[in-house]
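*Asks:* only geometry, no sequence info:
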Ligand code: NDP
Ligand code: GDR
């Protein structure tokens with residue numbers, strides 16, 4: 001039975017990746033943070049077979065202890081402070097967790113492997129947010145990185161540190177440059193889920209306004225369930241490498257609003273949406289569209305869920321959830 005360790009187990013991707021690995025017969029270990037994590041019950045409910053071990057990416061000794069207990073062949077480093085807007089107000093802790101946390105995990109993994117670097121393979125959750133200010137479209141593995149947020153800067157650090165460990169120690173360490181991926185499990189602070197939840201609540205008469213920031217930004221949105229398959233595929237390759245994972249389609253926030261309100265059976269989003277500078281960012285990433293041809297060629301990966309199906313899936317799930325809550 002292969003063994004995998006996932007950091008970020010309570011997050012959107014941690015849950016989908018756990019389901020995928022369990023379905024493939026893995027023994028899955030998850031790092032959970034804090035003495036009383038509020039998402040503990042969620043993990044227990046969704047993936048009861050995952051074995052939870054307490055630790056923190058900022059605490060190397062906890063990572064060493066967890067690796068020793070789990071004895072994994074694969075490590076997926078998904079843990080991070082992942083909300084871009086939050087990273088300006090909390091730049092230092094974002095750097096510590098999202099940036100330095102990668103070094104901590106790499107270093108703990110290197111020590112765990114000891115003389116035999118082939119003992120373990122490492123996945124780093126890098127991000128299209130690293131591309132930042134538009135240099136070229138579509139963005140590829142070798143596009144110049146120009147991050148526009150403390151989060152983006154921290155991810156660049158983690159990305160290059162992963163490459164550095166691969167080159168310095170011959171570790172099988174791969175970095176997945178994933179573009180935005182969403183699902184009904186997406187945190188409500190992110191724009192897609194904020195919109196799908198609001199569209200459902202407005203439809204059910206539970207809310208009458210949705211306050212947003214910049215509606216012009218464009219994102220390449222895919223389905224999280226498809227994207228965790230790419231993570232696994234990267235670690236099955238004979239040689240570690242970096243891969244862009246994206247759909248190759250881009251849509252604005254307005255496009256998402258249009259599709260979500262339509263899915264909720266509402267004629268027009270405009271009467272309900274108000275823009276507020278509170279949700280504008282000090283620096284914006286205007287346009288993301290990824291070229292995932294390398295992943296399609298080498299990993300034989302491609303996304304299965306379309307933009308329209310993704311929006312429908314999220315709105316339908318929120319309609320169900322909000323109807324139950326309203327009872
Ligand atoms: P989430 O925000 O849903 O999950 C983040 C996870 O990180 C949570 O489990 C959280 O645990 C954990 N975490 C936070 N701080 C620490 C810490 N100090 N030590 C250990 N764990 C910690 O993110 P996603 O699932 O959406 O994303 C997974 C990864 O992929 C992240 O690294 C993200 O930056 C990256 N990424 C995501 C993309 C997306 O579109 N979703 C795109 C590209 C990259 P807790 O419950 O304790 O807070
Ligand atoms: P992003 O996702 O920053 O791309 O990072 P988010 O959904 O937060 O923002 C997308 C775009 O929507 C605009 N926007 C708003 N965003 C939020 N959250 N709330 C609003 O009210 C709002 N109004 C407009 C934003 O300005 C932005 O342009 C996500 C995270 O998952 C990262 O961890 C990951 O690395 C990247 O995707 C790829």
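*Replies:* Structure's in. What do you need? Predicted model, so just to flag it, every value in this text is computed and none were measured. Ligands and ions are numbered 1, 2, ... in the order given.
*Asks:* give me the contacts around stretch 301-314.
*Replies:* Identification of contacts with stretch 301-314 by CB atoms under 8 Å, 6 or more residues apart in numbering yields 182-184, 186, 192-193, 196, 221-223, 225-227, 229-230, 233, 245, 247, 249, 251, 256, 259-260, 263, 292, 295-296. In this view, the C-beta of every residue, glycine as well, is placed from N, C-alpha and C.
*Asks:* how about the residues of the stretch 101-250 of the chain near ligand 1?
*Replies:* Counting by CB under 6 Å from any ligand atom, the stretch 101-250 of the chain comes close to ligand 1 at 125, 127, 178, 180-181, 187.
*Asks:* give me the nearest residue to the residue in the chain positioned nearest to ligand 1, chain neighbours excluded.
*Replies:* Going by CB to the nearest ligand atom, ligand 1 is nearest to residue 11 of the chain, at 2.2 Å. Ranked by CB to CB, 6 or more residues apart in numbering and with sequence neighbours excluded, the top spatial neighbour of residue 11 is residue 78, at 6.2 Å.
*Asks:* pLDDT score for residue 183?
*Replies:* For residue 183, the model assigns a pLDDT of 98.
*Asks:* wait, it touches residue 226, no?
*Replies:* No - at 9.6 Å, residue 183 does not count as touching residue 226 under the criterion of CB atoms under 8 Å.
*Asks:* the more surrounded of the two?
*Replies:* residue 183 (22 against 19; other CB atoms under 10 Å).
*Asks:* show the contacting residues for the more buried one.
*Replies:* 12, 16, 223-225, 310, 313-314.
*Asks:* next, it: phi, psi?
*Replies:* Per-residue torsions, residue 183: phi 180, psi 170 (degrees, to the nearest 10).
*Asks:* next one: residue 318
*Replies:* phi -70, psi -30.
*Asks:* what do you get for residue 109?
*Replies:* According to degrees, to the nearest 10, residue 109 has phi -70, psi -40.
*Asks:* and it, what is it in contact with?
*Replies:* By CB under 8 Å, 6+ apart, the neighbours of residue 109 are 67, 75, 120, 122, 171.
*Asks:* what about these, which are in helices?
*Replies:* residue 67 (DSSP state H).
*Asks:* output the contacts of residue 109 as TSV; include the columns pLDDT and neighbour count.
*Replies:* Putting these into TSV (pLDDT from 0 to 100; neighbours: other CB atoms under 10 Å) gives the following:
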residue	pLDDT	neighbour count
67	98	23
75	99	29
120	98	23
122	99	27
171	98	22
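*Asks:* wait, which of the contacts of residue 109 is closest to residue 204?
*Replies:* For these, the minimum distance to residue 204 (CB to CB) is 42.3 Å, reached by residue 75.
*Asks:* was I right to think that closest one contacts residue 122?
*Replies:* Yes - counting by CB under 8 Å, residue 75 does reach residue 122; the two are 5.0 Å apart.
*Asks:* which neighbours do those two share?
*Replies:* By CB under 8 Å, 6+ apart, the residues touching both residue 75 and residue 122 are 105, 109.
*Asks:* pretty sure residue 96 is touching residue 58, no?
*Replies:* Yes - the pair residue 96 and residue 58 qualifies as a contact (CB under 8 Å) at a distance of 5.6 Å.
*Asks:* part of a helix, is residue 256?
*Replies:* Yes - if the criterion is DSSP: H, G, I helix; E, B strand; the rest coil, then residue 256 is within a helix.
*Asks:* who touches it in this structure?
*Replies:* 191-192, 195, 221, 311.
*Asks:* then residue 206?
*Replies:* 322, 326.
*Asks:* cool, and the one 10 residues further on?
*Replies:* By CB under 8 Å, 6+ apart, the contact list for residue 216 reads 252-254, 286.
*Asks:* quick one: buried ones out of those?
*Replies:* Buried members of the contacts of residue 216, scored by 16 or more other CB atoms under 10 Å, are 253-254.
*Asks:* can you pick out the most distant pair from the contacts of residue 216?
*Replies:* 254 and 286 (13.6 Å).
*Asks:* surely residue 70 touches residue 53?
*Replies:* Yes - counting by CB under 8 Å, residue 53 is a contact partner of residue 70 at 6.7 Å.
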